[in-house]
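Undergrad: dropping the sequence and predicted coords here.
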Amino acid sequence: MAIPTAPGLVLSPTAQVADDVVFGANVVVHGDTVIGAGVIVQDGVVLGKPPRLSARSASAAPVDGPLVIEAGASICAQAIVFAGARIGAGVIIGDQAYVRERTAVGAGSVVGRGACVDNDVVIGERVRLQSQVYVTAFSVVEDDVFVGPCAMTTNDNTMGRQHAGDELGGATLRRACRIGGGAILTPGIEVGEEAYVAAGSVVTNDVPPRGVVIGVPGRVVRYVGEDDLLESERG
Amino acid sequence: MAIPTAPGLVLSPTAQVADDVVFGANVVVHGDTVIGAGVIVQDGVVLGKPPRLSARSASAAPVDGPLVIEAGASICAQAIVFAGARIGAGVIIGDQAYVRERTAVGAGSVVGRGACVDNDVVIGERVRLQSQVYVTAFSVVEDDVFVGPCAMTTNDNTMGRQHAGDELGGATLRRACRIGGGAILTPGIEVGEEAYVAAGSVVTNDVPPRGVVIGVPGRVVRYVGEDDLLESERG
Amino acid sequence: MAIPTAPGLVLSPTAQVADDVVFGANVVVHGDTVIGAGVIVQDGVVLGKPPRLSARSASAAPVDGPLVIEAGASICAQAIVFAGARIGAGVIIGDQAYVRERTAVGAGSVVGRGACVDNDVVIGERVRLQSQVYVTAFSVVEDDVFVGPCAMTTNDNTMGRQHAGDELGGATLRRACRIGGGAILTPGIEVGEEAYVAAGSVVTNDVPPRGVVIGVPGRVVRYVGEDDLLESERG
């Protein structure tokens, strides 16, 4: 490969960078990071950062392989993406956003400005996480999910007092569900396919497919109509 | 103009920088950015960044002109301000904050640490947006408004399923209203002059002038008294 | 001391840096910052930043001395820590986090990714502030407190209209209390020892020791049992 150049670029000698990758200024690339064709890496981005764990962290598994960024993805200014993450084709990781180890982001998805996706999360394709969203560790976010700005998830009812054998329960957001801005999901919640959680709801029970949830605590008030399903939108 | 120098400064050759601008380390200035007299630009700031848009983004209008930063403004560490934004005289853009294209911030206003002001927003004078506030696209924030920490706005009831002709509805915050910390405004809400939204409220209806709103959903419980109006404070 | 080197390091000539400190790339160290043995400072960190205050800021006291980082602490990527702060032994300041002047963080505590601790805050030992938490100025957080992701505090019921003599009232979080994700505390709230605030609660009254608070507004629904106390966990 050609040796890429950009102002202030600090590039690990073992990184693999496609010839046409475009770097902004002051980018740092660690370890064995793999950057595919046509990827854009903007100013101040940190790629392949190894985790710095608290001794009491729930994220103790080893990092499994390097950061891989697939073709055509964009990593926007000041974002941090860890070693062991996988960023799919055409993904946009927004400015000042954050993606941790062993997390995969599927093709065509967007992680909004300042959003945080913690470790061990699986994000599908065409997912949109808006600005400042927080996705907790061990969550699953299926294809075509929309999460509004500042919405957040939790995974630990004990708040740091797990006993041996307790498991953390991230959120499960099924295909094409929509989570409103500022919504809060308590640990282990599953939101069904095509469900709709209104802005500002606090969701304390699983939401059935197509359920429309509003309030604190959130209650199902109706169901998403046929004409508001994603397939209808696409038709 | 003199050629500015600072450690790690990456300065576009077409930027216009007043002679007395002070740069921190590792600042990146893109394009035709105009920086006025007495402006302070701190460590790690990115100025004049061109938007990197999703193909499905609601922010598809062209960027209209360069970033302009007027005299005496301060852009604090690691902030990002886009091409096409206008930052008024004496404004403080806080550390790690974020201001997008076609957004104007009026003289003497403060955008707090980590706050996000999306595209096409008009912010008046002497506005204070506290830490981590989120102002959605197409919002209007008039003079002397106060927005508490982590308060947020939304602009899309469909959550990404707009039909042709649907418009996004940002928030309208009238003169001298106050929005409490962590408050959530559903799309298209107007908060009247001198109104007061308590911390943690979820505002689902317009708020009348001087209305005091509390709760989820927010309800008007009384009106702001004469002695608590901004003019009284100044008197 | 040896002169430390790292790519893009901008080091104040009056900083004091222990011989074995490890710097990432593009770190900026201001003023008289003191960095102890074994400290790790990751990519893009800004240390010892002097405050940039609004003329109307409530943080007008002088900065009292330099930033001091004690042995074995880690300052993670893109974090900003101000002059006048004190970071205890073994503390982890997370990626993109933010700690202001005259704030002390006790030994073994963790400030999560993107979290903000404003000025004049005292944080005890073994405290865990999760991602995106906001701790307002003049708060006290005692030992072994847990604050879930995106939880926040406020300190000003007037929202910027204090009269002469009014004092700001930060939060007081007593030993080993737990604050759930997304919870909101109104100004001046005290949460008692070993109390438990559920995720998404809006806390408008003081919480008694061991009180379990849920809802909007938060109400005490029961008390933490003996077997769920921190001492039991440790036993």
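TA: Received the coordinates, thanks. Numbers count the residues shown, from 1 in each chain, chains lettered A, B, ... in the order given.

Undergrad: contacts only, for the closest residue to residue A:106 other than its chain neighbours.
TA: Across the structure, with Cβ to Cβ, 6 or more residues apart in numbering or on different chains as the measure, the residue nearest residue A:106 apart from its sequence neighbours is residue A:125 (3.9 Å). C-beta: built from backbone N, CA, C; applies to glycine. In this structure, residue A:125 makes contact with A:88, A:106, A:107, A:108, A:109, A:143, A:144, judged by Cβ atoms under 8 Å, 6 or more residues apart in numbering or on different chains.

Undergrad: redo that, cut-off 7 Å
TA: Each residue near residue A:125 by Cβ atoms under 7 Å, 6 or more residues apart in numbering or on different chains is listed here: A:106, A:107, A:108, A:109, A:143.

Undergrad: test my guess that the last one contacts residue A:128.
TA: No: because the distance of 11.1 Å does not satisfy Cβ atoms under 7 Å, residue A:143 is recorded as not touching residue A:128.

Undergrad: of these two, who's got more company?
TA: Neighbour tally, residue A:143 and residue A:128, criterion other Cβ atoms under 10 Å in any protein chain shown: the higher count belongs to residue A:128, 22 against 17.

Undergrad: ok, the more buried one - contacts?
TA: Each residue near residue A:128 by Cβ under 7 Å, 6+ apart is listed here: A:110, A:146, B:160.

Undergrad: what residues does chain A put near chain C?
TA: By Cβ under 7 Å from any Cβ of the partner chain, the residues of chain A that approach chain C are A:8, A:10, A:26, A:28, A:44, A:46, A:49, A:52, A:54, A:78, A:80, A:96, A:98, A:116, A:134, A:136, A:152, A:154, A:159-161, A:184, A:186, A:202, A:216.

Undergrad: mind checking which of these are buried?
TA: When neighbours are counted using 16 or more other Cβ atoms under 10 Å in any protein chain shown, the residues of chain A next to chain C contain these buried positions: A:8, A:10, A:26, A:28, A:44, A:46, A:49, A:52, A:54, A:78, A:80, A:96, A:98, A:116, A:134, A:136, A:152, A:154, A:159-161, A:184, A:186, A:202, A:216.

Undergrad: mind checking which helix or strand residue A:231 is in?
TA: If you go by DSSP states H and E, residue A:231 is part of helix A:230-234.

Undergrad: low-confidence ranges in chain A?
TA: Under the criterion of pLDDT under 70, the regions of chain A flagged as low confidence span A:1-2, A:52-61, A:233-235.

Undergrad: repeat that with 80
TA: In the prediction, chain A carries residues with pLDDT under 80 at positions A:1-4, A:52-64, A:163-167, A:231-235.

Undergrad: tell me the contacts of the most centrally placed residue in chain A?
TA: Nearest to the mean C-alpha position of chain A, counting by Cα atoms, centre = their mean, stands residue A:117 at 3.9 Å. Contacts of residue A:117 were listed using Cβ under 7 Å, 6+ apart, and they are A:98, A:99, A:100, A:103, A:111, A:123, A:135.

Undergrad: again, but for residue A:191
TA: If a contact means Cβ under 7 Å, 6+ apart, then residue A:191 has A:173, A:174, A:177, A:179, A:197, A:207 as its contacts.

Undergrad: go again using 6 Å as the cut-off
TA: The neighbours of residue A:191, taking Cβ atoms under 6 Å, 6 or more residues apart in numbering or on different chains as the test, are A:173, A:177, A:207.

Undergrad: just grab the bridge partners of it for me.
TA: Beta-bridge pairing of residue A:191, defined through DSSP bridges, involves residue A:173, residue A:207.

Undergrad: for it, give its distance to chain B.
TA: In this structure, residue A:191 and chain B are separated by 13 Å, where distance is defined by Cβ to the nearest Cβ, to the nearest Å.

Undergrad: is chain B within reach of stretch A:13-24?
TA: No: shown here: stretch A:13-24 not in contact with chain B (Cβ under 6 Å from any Cβ of the partner chain), separated by at least 7.1 Å.

Undergrad: what is the end-to-end distance of that stretch?
TA: From its first residue to its last, stretch A:13-24 covers 18 Å (Cα to Cα, to the nearest Å).

Undergrad: same question, stretch A:66-79
TA: One end of stretch A:66-79 to the other measures 17 Å (Cα to Cα).

Undergrad: do stretch A:207-215 as well
TA: Per Cα to Cα, stretch A:207-215 runs 13 Å from first to last residue.

Undergrad: ditto for stretch A:25-43
TA: The first-to-last residue distance of stretch A:25-43 comes to 5 Å (Cα to Cα).

Undergrad: so which bits of it are buried?
TA: Per 16+ other Cβ under 10 Å, stretch A:25-43 contains these buried residues: A:25-31, A:33-36, A:38-43.

Undergrad: that stretch near chain B anywhere?
TA: Yes: using Cβ under 6 Å from any Cβ, we find that stretch A:25-43 touches chain B at A:25, A:26, A:43.

Undergrad: among these, which are in helices?
TA: The helices in this structure, assigned by DSSP state H, contain none of the residues of stretch A:25-43 next to chain B.

Undergrad: name the nearest of the residues you listed relative to chain C.
TA: Top of the list for closeness to chain C, among those and by Cβ to the nearest Cβ, is residue A:26 at 5.4 Å.

Undergrad: phi, psi of the closest residue to the closest one other than its chain neighbours?
TA: Distance criterion Cβ to Cβ, 6+ apart; nearest residue to residue A:26, sequence neighbours excluded, is residue A:8 at 3.9 Å. Dihedral pair for residue A:8: phi 70, psi 10, per degrees, to the nearest 10.

Undergrad: what's near enough to touch residue A:8?
TA: Residue A:8 makes contacts with A:25, A:26, B:8, C:8, as judged by Cβ under 6 Å, 6+ apart.

Undergrad: which of the residues you listed sit farthest apart?
TA: Distances among the contacts of residue A:8 were taken as Cβ to Cβ; the most separated pair is A:25 and C:8, at 10.4 Å.

Undergrad: so what's residue A:180 up against?
TA: Per Cβ under 6 Å, 6+ apart, neighbours of residue A:180: A:148, A:197, A:198, A:199.

Undergrad: which residue comes closest to the first one once chain neighbours are left out?
TA: The spatially closest residue to residue A:148, leaving aside those adjacent along the chain, is residue A:181, at 3.5 Å (Cβ to Cβ, 6+ apart).

Undergrad: what about that neighbour, which SS state?
TA: coil (DSSP: H, G, I helix; E, B strand; the rest coil).

Undergrad: need the residues that contact stretch A:148-159.
TA: Outside stretch A:148-159, the residues that touch it by Cβ under 6 Å, 6+ apart are A:130-139, A:168-171, A:179-187, B:134, B:152, B:154, C:146, C:148-150, C:178, C:181-182, C:199.

Undergrad: now, these that are in strands?
TA: Using DSSP state E, the subset of these located in strands is A:134, A:135, A:179, A:184, A:185, B:134, B:152, C:146, C:178.

Undergrad: closest to residue A:84 out of those residues?
TA: residue A:135 (16.2 Å).

Undergrad: could you report the distance from the nearest residue to the closest one once chain neighbours are set aside to chain B?
TA: Excluding its sequence neighbours, the residue lying closest to residue A:135 (Cβ to Cβ, 6+ apart) is residue A:117, at 4.6 Å. Going from residue A:117 to chain B by Cβ to the nearest Cβ gives 17 Å.
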